[in-house]
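A.B. asks: sequence? don't have it. structure:
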């Protein structure tokens, strides 16, 4: 093989190696970017649990300008259900925004609350079966995004994950923004599924 042909072959091989490295680096950077999105977290600390719609609107989070605020108030409104069902529904209707709270939504909530009132409380930091899901004050909730949280963000949707002190996997709250006002509203929630019972309700505890 001629000398210049050898040089050409080496140059080709070097280019192929460099190209492979570039592709690999790009792939790693893409994976890291996705991981960074999935690692985004939000912490919301509420001054209290609103007893009615007026109190909810008066809270800083009541302006619904951040998705995590709408999500946290959803948990708070559901915590009020065992105390005052109508007040809870009124708050949830507000949190649903233009869509409103449907009859089927109400029926779903009623069904989920049969014989248990502790599930919403389990999302506050410090609430566990051992303390009967009694969170410590101030009431803090932590949300996070997974890599799929923003797959429909162009359509205005965002899904936040939230951990329960009585479940092994996170639950989801899906939100939707209204661009004309910058508000975020509850679209659907998946946080009323069964969790481990509190010690006070567990005959085997």
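C.D. replies: Now that the structure is in, tell me what you want to look at. It should be emphasised that the depicted structure is a prediction, and the values quoted were computed from it without experimental measurement.

A.B. asks: can we go C-alpha only for contacts and neighbour counts from here?
C.D. replies: Fine.

A.B. asks: distance of the residue nearest the centre of the chain relative to residue 128?
C.D. replies: Compute the mean C-alpha point of the chain, and by Cα atoms, centre = their mean the closest residue is residue 160, 2.1 Å away. For residue 160, the distance to residue 128 equals 21 Å [Cα to Cα, to the nearest Å].

A.B. asks: verify the stated contact: residue 39 with residue 145.
C.D. replies: Yes - in terms of Cα atoms under 8 Å, residue 39 counts as a neighbour of residue 145; the distance is 6.3 Å.

A.B. asks: those two: who's more crowded?
C.D. replies: residue 145 (21 against 13; other Cα atoms under 10 Å).

A.B. asks: let me know the pLDDT of that one.
C.D. replies: Note on residue 145: pLDDT of 97.

A.B. asks: roughly how far apart are it and residue 170?
C.D. replies: 11 Å.

A.B. asks: buried residues, stretch 51-65. List them.
C.D. replies: By neighbour count on 16 or more other Cα atoms under 10 Å, the buried set for stretch 51-65 is 51-53, 56, 59, 61-62, 64-65.

A.B. asks: of those, which belong to helices?
C.D. replies: Residues of those located in helices (DSSP state H): 53, 56.

A.B. asks: would you turn the buried residues of stretch 51-65 into TSV with pLDDT and distance to residue 141?
C.D. replies: Converted to TSV, the buried residues of stretch 51-65 look like this (pLDDT from 0 to 100; distance: Cα to Cα, whole Å):
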residue	pLDDT	distance to residue 141
51	98	18
52	98	20
53	98	20
56	98	16
59	98	16
61	98	13
62	98	15
64	98	16
65	98	17
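
A.B. asks: rewinding a little: part of a strand, is the residue nearest to the centre of the chain?
C.D. replies: Yes - residue state for residue 160 (DSSP: H, G, I helix; E, B strand; the rest coil) corresponds to a strand.

A.B. asks: show me what it is bridged to.
C.D. replies: For residue 160, the beta-bridge partners are residue 173 (DSSP bridges).

A.B. asks: list the contacts of it.
C.D. replies: 68, 71, 143-146, 149, 172-175 (Cα atoms under 8 Å, 6 or more residues apart in numbering).

A.B. asks: relative to residue 198, which of the residues you listed is nearest.
C.D. replies: Closest approach to residue 198 among these (Cα to Cα): residue 172, at 21.6 Å.
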